[in-house]
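K.L.:
Dropping a prediction and its sequence here:
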Amino acid sequence: MKHRIGSLRSSLRIFSLLGMVLPGLALSGCSRNAAPDPVTKESFYFDTVCDITIYDMDNFSEDAADTAIDNAFSLCSTYENMLSKTVEGSDIWNINHAGGKEVTVNQETADLISEAISYCDLSGGRFDITIGKAEDLWGFDEGATTLPDPEELEEAVKHIDYKKIKVSGSTVQLEDPDAEIDLGGIAKGYIADRVADNLSSRGVTSAIVSLGGNIECVGEKPQSGGSTAPFTIGIETPYSDRTEVVGSLPLSNGTAVTSGVYERYITVDGKQYFHILDPDTGYPVDTDVISVTITADEDRSVDCDALSTTCLLLGTKKGTKLIESLDGYEAAFIDTDGNISMTDGMEFTPAK
């Protein structure tokens with residue numbers, strides 16, 4: 001059985017300034033005046049393919065880069081076993097199965113839940129991490145071919161209320177024993193931040209972490225002659241099955257997170273039902289947004305993660321207003337008509 005943390009879609013693609021960064025490149029010997037060959041490794045966590053590419057580091061060698069990436073993937077495993085609601089014995093699993101009793105968890109888990117609650121507040125409850133029970137009824141991960149029973153879904157919605165979560169120190173309690181926490185809208189952003197921190201602590205000075213649709217860049221991309229330049233991140237054209245990009249953006253020491261409706265859904269009687277649910281109804285949210293990409297400086301992937309889902313729930317107009325009210329964040333929206341709109345400071349170049 002594959003375990004998952006959550007739902008963020010693989011909607012970002014990574015490009016170098018000269019072309020796509022391909023996995024599996026080996027490091028060859030080179031002069032320090034030339035851009036070193038990157039080392040890329042791939043693994044599978046959080047129900048998605050994860051890639052880490054190291055472009056440069058202190059005392060750069062293939063073995064050192066391999067070790068750094070292996071350690072980063074080990075960290076991914078640790079967090080999956082801590083934060084996934086489907087891993088028996090994880091902190092989230094224990095909270096959801098405690099029957100309303102207090103549960104002592106890892107301090108990081110308690111802190112992340114508190115941060116998630118702050119985004120629930122910011123969104124006016126549109127983003128709600130107690131959506132888990134309603135999500136389970138849809139069977140998005142199992143490829144369900146029927147809709148949820150309306151009465152069961154109506155009952156599940158009664159237990160969506162993040163205000164029933166109580167965090168005190170390292171203890172967490174669901175005051176409603178029938179509620180269910182799912183950190184899918186924020187956890188991978190948090191993990192991307194921690195993985196980037198881990199790489200930096202091991203002397204990595206240039207790297208890209210890709211956890212599905214969560215991208216975090218360490219430093220910039222090395223160039224010949226010892227200079228560096230921003231990475232170029234390609235944003236996938238919705239419904240293109242990862243074959244086209246709608247545009248690109250530069251990224252240095254920063255993060256970009258995309259939330260989209262088109263990569264996780266079920267089809268029933270010819271109609272698509274996507275996985276972003278309205279906490280008021282339990283049904284897919286009625287939104288004019290197909291995808292939204294949020295960018296910010298490094299160590300803010302956790303925030304971009306929550307904000308991208310929130311903006312999809314709010315729609316283009318309210319989502320744009322929210323991002324423009326916050327310092328340090330920019331956004332690009334693609335609506336149901338294929339139009340692209342951006343906040344004033346978003347550096348986005350449409351594909352030709």
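P.N.:
It's in.
K.L.:
List the buried residues of stretch 37-49.
P.N.:
Buried positions in stretch 37-49, judged by neighbour count with 16 or more other C-beta atoms under 10 Å: P38, V39, T40, K41, Y45, F46, D47, T48. For every residue, glycine as well, the C-beta is placed using N, CA and C.
K.L.:
Inside strands: which ones of those?
P.N.:
With strands identified by DSSP state E, the entries of these that belong to them are V39, T40, K41, Y45, T48.
K.L.:
okay, those residues in JSON lines with distance to E298 and pLDDT next?
P.N.:
Formatted as JSON lines, those follow (distance: C-beta to C-beta, whole Å; pLDDT from 0 to 100):
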{"residue": "V39", "distance to E298": "21", "pLDDT": "97"}
{"residue": "T40", "distance to E298": "20", "pLDDT": "97"}
{"residue": "K41", "distance to E298": "21", "pLDDT": "97"}
{"residue": "Y45", "distance to E298": "21", "pLDDT": "91"}
{"residue": "T48", "distance to E298": "21", "pLDDT": "85"}
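K.L.:
Closest to T309 out of those?
P.N.:
Within these, distances to T309 taken as C-beta to C-beta reach their minimum at T48, with 15.2 Å.
K.L.:
So what pairs up with that closest one in the strands?
P.N.:
As for beta bridges, T48 partners with Y45 under DSSP bridges.
K.L.:
for the one 4 residues further on, same thing?
P.N.:
With DSSP bridges as the criterion, I52 is bridged to K41, V209.
K.L.:
isn't A72 right up against D197?
P.N.:
No - contact between A72 and D197 fails when scored by C-beta atoms under 8 Å: they sit 9.9 Å apart.
K.L.:
Between the two, point out the one with more neighbours.
P.N.:
A72 (25 against 16; other C-beta atoms under 10 Å).
K.L.:
Which helix or which strand is home to that one?
P.N.:
When elements are defined using DSSP states H and E, A72 is found to belong to helix 62-83.
K.L.:
I'd like to know which elements that helix is packed against.
P.N.:
Helix 62-83 makes packing contacts with strand 39-45, strand 48-57, helix 91-96, helix 107-122, helix 187-201, strand 204-211 when contacts are defined by 3 or more C-beta pairs under 8 Å, 6 or more residues apart in numbering; DSSP states H and E.
K.L.:
then the fifth one to PDB, C-alphas only?
P.N.:
Output for helix 187-201, consisting of C-alpha atoms alone and laid out as PDB, is shown next (Å, rounded to 0.1, in the frame of the first residue of the first chain):
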ATOM      1  CA  ALA A 187       2.800  19.400   4.600                       C
ATOM      2  CA  LYS A 188       4.800  19.000   1.400                       C
ATOM      3  CA  GLY A 189       5.700  22.700   1.500                       C
ATOM      4  CA  TYR A 190       7.000  22.300   5.000                       C
ATOM      5  CA  ILE A 191       9.000  19.200   4.000                       C
ATOM      6  CA  ALA A 192      10.500  21.000   1.000                       C
ATOM      7  CA  ASP A 193      11.700  23.800   3.300                       C
ATOM      8  CA  ARG A 194      13.300  21.200   5.700                       C
ATOM      9  CA  VAL A 195      14.900  19.300   2.800                       C
ATOM     10  CA  ALA A 196      16.400  22.500   1.400                       C
ATOM     11  CA  ASP A 197      17.700  23.400   4.900                       C
ATOM     12  CA  ASN A 198      19.200  20.000   5.200                       C
ATOM     13  CA  LEU A 199      21.000  20.300   1.900                       C
ATOM     14  CA  SER A 200      22.400  23.700   2.800                       C
ATOM     15  CA  SER A 201      23.600  22.400   6.200                       C
END
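K.L.:
so where's the protein shaky on pLDDT?
P.N.:
Where the chain drops to pLDDT under 70, the residues are 1-35.
K.L.:
before we move on, the earlier item: now flag whichever of the ones in strands among the buried residues of stretch 37-49 is closest to G226.
P.N.:
When those are ranked by distance to G226 (C-beta to C-beta), V39 comes first, at 19.1 Å.
K.L.:
mind checking how far that closest one is from F60?
P.N.:
Between V39 and F60 the computed distance is 9 Å (C-beta to C-beta, to the nearest Å).
K.L.:
got the buried residues for the helix holding A72?
P.N.:
Of all the residues in helix 62-83, those buried under the rule 16+ other C-beta under 10 Å are A64, A65, A68, I69, A72, F73, L75, C76, Y79, E80, M82, L83.
K.L.:
and if you look at stretch 326-338?
P.N.:
Residues Y329, E330, A331, A332, F333, I334, D335 are the ones in stretch 326-338 that count as buried (16+ other C-beta under 10 Å).
K.L.:
Distance check, G270 against T145.
P.N.:
Looking at G270 against T145, where the rule is C-beta to C-beta, the gap reads 12 Å.
K.L.:
Name the residue in these two with the higher neighbour count.
P.N.:
Between G270 and T145, counting by other C-beta under 10 Å, T145 is the more crowded of the two (10 against 5).
K.L.:
circling back to that earlier point, from the buried residues of stretch 326-338, which ones fall inside strands?
P.N.:
The subset of the buried residues of stretch 326-338 located in strands under the criterion DSSP E comprises E330, A331, A332, F333, I334, D335.
K.L.:
Skipping its backbone neighbours, what lies nearest the first one in space?
P.N.:
Just to be clear, that refers to E330. M346 (4.0 Å; C-beta to C-beta, 6 or more residues apart in numbering).
K.L.:
Only alpha carbons, please: show the helix holding A72 as CSV.
P.N.:
Presented in CSV, the C-alpha positions along helix 62-83 are these (Å, rounded to 0.1, in the frame of the first residue of the first chain):
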residue,chain,number,x,y,z
GLU,A,62,29.6,12.7,-7.1
ASP,A,63,29.8,10.7,-3.9
ALA,A,64,29.2,13.8,-1.7
ALA,A,65,26.2,14.8,-3.8
ASP,A,66,24.8,11.3,-3.7
THR,A,67,25.2,11.2,0.1
ALA,A,68,23.5,14.5,0.5
ILE,A,69,20.6,13.5,-1.7
ASP,A,70,20.2,10.2,0.1
ASN,A,71,20.1,12.0,3.4
ALA,A,72,17.4,14.3,2.1
PHE,A,73,15.3,11.4,0.9
SER,A,74,15.7,9.8,4.3
LEU,A,75,14.3,13.0,5.8
CYS,A,76,11.3,12.7,3.4
SER,A,77,10.7,9.2,4.7
THR,A,78,10.8,10.5,8.3
TYR,A,79,8.3,13.2,7.6
GLU,A,80,6.0,10.9,5.7
ASN,A,81,5.9,8.5,8.6
MET,A,82,5.2,11.5,10.9
LEU,A,83,2.6,13.5,9.0
